[in-house]
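**Q** one predicted model, sequence on top.
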Amino acid sequence: MHGLVAPSTTIAALINPANAPQSAIERKIIQDAARVLDTHFLVLNASSPDEIESAFTTIVGERIGALVVSGENFFLTQRDLLVTLAARHAVPTMYPYREFTVAGGLISYGTDIVGAYRQLGANTARILHGAKTTDLPVQQSTKVELVINLKTAKILGLTIPIPLLGRADEVIE
């Protein structure tokens, strides 16, 4: 297969309905993306390891071309299971954090978790040294990372476009 996903392919998005506020936002983002990309997104719900496995059964049965995993914390705790199932079923999958790609996932694009925790530590130190929480600035992550695992792409028979590789913050070979 050349390229990441064929233009007419259905893409699945895995979200956690147990986190209602975030899953509602993600569902809206998925619907908006489907309109812009003129493609069909199938939203799959999972809030347990068994439901993740059921989602992959659906992905295989429906011949879904790719999967996008939500940035919900539950999925980070299930990183190994997700990466294993994606590899076993040869499903090109995009993850929210580099930790998935380092563990063997195909592509991740998301917040720099280490940087976010570094900022959390700095704010904690300020509070411990007497700063009031109301005096701390509201901060939003400004750095996102694109990480591509070429070993996984090769196993999946995918060719990653050169412009995408050029934009990657890290390429795992």
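**A** Received, thanks.
**Q** for the residue lying farthest from the centre of the chain, give its distance to residue 44.
**A** Distance from the C-alpha centroid of the chain peaks at residue 130, with 37.1 Å (Cα atoms, centre = their mean). Residue 130 sits 47 Å away from residue 44, going by Cβ to Cβ, to the nearest Å. C-beta: built from backbone N, CA, C; applies to glycine.
**Q** and after the host helix or strand of residue 28, which helix or strand comes next?
**A** Element membership for residue 28 (DSSP states H and E) is helix 20-37. Using DSSP H and E, the helix or strand that directly follows helix 20-37 along the chain is strand 41-45.
**Q** and the next element down the chain from that next one?
**A** Following strand 41-45 in sequence, per DSSP H and E, is helix 49-61.
**Q** give the buried residues for that next one.
**A** Buried residues in helix 49-61, counted by 16 or more other Cβ atoms under 10 Å: 52, 55, 56, 59.
**Q** closest to residue 107 out of those residues?
**A** residue 59 (16.5 Å; Cβ to Cβ).
**Q** list the buried residues of the helix holding residue 28.
**A** 22, 23, 26, 27, 30, 34.
**Q** same list (those) but as TSV, adding distance to residue 112 and pLDDT.
**A** Putting the buried residues of helix 20-37 into TSV (distance: Cβ to Cβ, whole Å; pLDDT from 0 to 100) gives the following:
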residue	distance to residue 112	pLDDT
22	19	83
23	23	85
26	20	87
27	25	85
30	23	85
34	27	82
